[in-house]
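**Student:** Fold the following and give me the result.
(one chain, ligands or ions: 5)
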Amino acid sequence: MNMSWLISLLIYPLILITNTEKVSYKGYNMYVISTENEEQGRKLLAVQNQNLKIHFLKQAVNSKLQGLTSVVVSPQSNAAFNAFLRKNNYDFQIITKDFESLLKSEQPRSKRFAVSPNSINFEEYHRHAKINSYLRSLAETYPNITNLLSIGTTTEGRELLGLNISYNDKVKPMILIDAGIHAREWIAPALALYIIQQLVENSNNAKLIKNVDWIVIPLLNPDGYEYTHTTNRLWRKTRSRGKYCFGADPNRNFNFHWGERGSSDDECSDIYRGSKPFSEPEIKAFRDLILRYAANIKLSISLHSFGQLILHPWTYTTNLPANIKELNRLGIHVAETLKNATKANYGVGPVSQVLYYAAGSNIDWIMAVAGINLTYVIELPPQHDNTMQFILPSRFIKDLVSKSFEGIKTFHEYIENVYV
Ligand SMILES: *[C@@H]1O[C@H](CO)[C@@H](O)[C@H](O)[C@H]1NC(C)=O
Ligand SMILES: *[C@@H]1O[C@H](CO)[C@@H](O)[C@H](O)[C@H]1NC(C)=O
Ligand SMILES: *[C@@H]1O[C@H](CO)[C@@H](O)[C@H](O)[C@H]1NC(C)=O
Ligand SMILES: *[C@@H]1O[C@H](CO)[C@@H](O)[C@H](O)[C@H]1NC(C)=O
Ligand SMILES: [Zn+2]
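**Tutor:** Ligands and ions are numbered 1, 2, ... in the order given. You can find the predicted model right below:
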């Protein structure tokens, strides 16, 4: 009998057991750390790459090895981590000594928001089943302007749904919106749902669907998303099964410079690129949808959190795309609208320069392979004070999504002006 086979026999049941238990972050400290020079950056990256019981909510440092990082640290690792920060003179702040209690703020404040399957609210974060039933009910109630898109099935057998919002059979320029590719970024699917609700159910927005078609996929990684609700709030990846660990980073799984800088070949890494390009069924389904309508799609927007950023290609190189002027101008215009609406300052730029390398991401592939030249990521703000990271208390959802919709209108206005 082959030894590694024996080991995997022993490991699999263990993985299954540890994966059904709910992870508690009781007593975990959350730090925000400022990295001021290359040496500090390199040292923090080294800690990140050790896979200790330290969760980086954001990759440790940017491509310039500087910036703010937030980290959640287990009680067992806390003393050592704290000593490491002091020894190397990092400027840091402890946001909470009990991360678990922060998570409570995300739960619905009251049951009175529980509503029929046919409507949605923005007082709470919704589960995948609820999101799908809402999309189905819209398709039934508004057959004149919507079509349900069943684009595929996830590893765990969940149905991937999107909505085609289109006024008549005339061929029009199309805007594609996806959200929830990263499981733990809960506010992103919430904004996608708000966009859907406003376009379909609010007749004051009829002009937004008159000359432009919309495809919205509100939850691209439902397996990971459900796992963040049931088991581990900080899960980022899909739930495909590897030899040692579950999941790939779906936003490193596209076949354009796949496996290059800013992705990992370590199954257990949060930025694991997958065993091969398009190994993840969710990403294969997304690819096929985009290729089917690439000729009509003029703009794609991927919703993420956290950051207050409007980002565009490239993620694999710091070189600039050919249409950088247009990308930048439109990005800045959207950032101005968002500033007006939310008071928050949004940064604009290429992912590789503003954040870090992220080869194999969707936006690079969408531009280079699908040929859609206007392709953006919006990193939504976590909270007004920029310290809560993914954890946006449910009482803030409605305000944030309704104000962020102003930025989506600005994108629409540009497509209408240029392509209609
Ligand atoms: C679509 O149908 C709904 C419900 O019947 C109606 O309120 C709405 O005005 C229609 N929209 C368009 C653009 O025809
Ligand atoms: C969206 O619906 C319109 C109108 O029914 C149709 O012409 C178009 O092909 C649909 N697009 C997609 C992506 O399904
Ligand atoms: C996208 O940009 C490339 C490079 O600038 C250009 O060759 C191509 O025609 C553009 N495609 C569209 C659809 O505008
Ligand atoms: C933002 O608000 C200012 C002041 O009201 C206005 O002049 C400007 O046009 C607005 N910009 C955008 C992009 O909405
Ligand atoms: Zn993300």
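
**Student:** quick one: Gln66 and Arg42 touch, right?
**Tutor:** No. Contact between Gln66 and Arg42 fails when scored by C-beta atoms under 8 Å: they sit 11.0 Å apart. C-beta here means a position set from N, CA and C on the backbone, and glycine is covered the same way.

**Student:** partners of the residue nearest to His55 when sequence neighbours are not counted in the sheet?
**Tutor:** Among residues not flanking His55 along the chain, Val72 sits closest, at 4.4 Å (C-beta to C-beta, 6 or more residues apart in numbering). Under DSSP bridges, the beta-bridge partners of Val72 are Met30, His55.

**Student:** the strands in the stretch 251-400 of the chain, which residues?
**Tutor:** Secondary structure of the stretch 251-400 of the chain (DSSP state E, counting those that start in this stretch): strands located at 297-305, 309-312, 347-350, 374-380.

**Student:** other SSEs contacting the third one?
**Tutor:** This points to strand 347-350. strand 309-312, helix 324-342 (3 or more C-beta pairs under 8 Å, 6 or more residues apart in numbering; DSSP states H and E).

**Student:** give me the low-pLDDT residue ranges for the chain?
**Tutor:** By pLDDT under 70, the weakly predicted segments of the chain are 1-20, 51-52, 60-65, 111-115, 382-390.

**Student:** Which residues of it lie near ligand 4?
**Tutor:** His333, Glu336, Thr337, Asn340 (C-beta under 6 Å from any ligand atom).

**Student:** what about the nearest residue to the last one once chain neighbours are set aside, neighbour count?
**Tutor:** With C-beta to C-beta, 6+ apart as the measure, Glu406 is the residue that lies nearest to Asn340, at 7.3 Å, once sequence neighbours are left out. Burial of Glu406, expressed as a neighbour count using other C-beta atoms under 10 Å, amounts to 15.

**Student:** Glu406 contacts Leu338, correct?
**Tutor:** Yes. In this structure, Glu406 is within contact of Leu338 by C-beta under 8 Å, at 6.6 Å.

**Student:** Enumerate the positions of the host helix or strand of Tyr194 that are buried.
**Tutor:** Element membership of Tyr194, judged by DSSP states H and E, is helix 187-201. Under the neighbour-count criterion of 16 or more other C-beta atoms under 10 Å, helix 187-201 has 187-200 buried.

**Student:** likewise stretch 125-141?
**Tutor:** For stretch 125-141, the neighbour count (16+ other C-beta under 10 Å) marks Tyr125, His126, His128, Ile131, Asn132, Ser133, Tyr134, Leu135, Arg136, Leu138, Ala139 as buried.

**Student:** Kindly reformat those as TSV containing distance to Asn89 and secondary structure.
**Tutor:** TSV is the format used below for the buried residues of stretch 125-141 (distance: C-beta to C-beta, whole Å; DSSP: H, G, I helix; E, B strand; the rest coil):
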residue	distance to Asn89	secondary structure
Tyr125	38	coil
His126	44	coil
His128	45	helix
Ile131	46	helix
Asn132	50	helix
Ser133	53	helix
Tyr134	50	helix
Leu135	51	helix
Arg136	55	helix
Leu138	54	helix
Ala139	57	helix
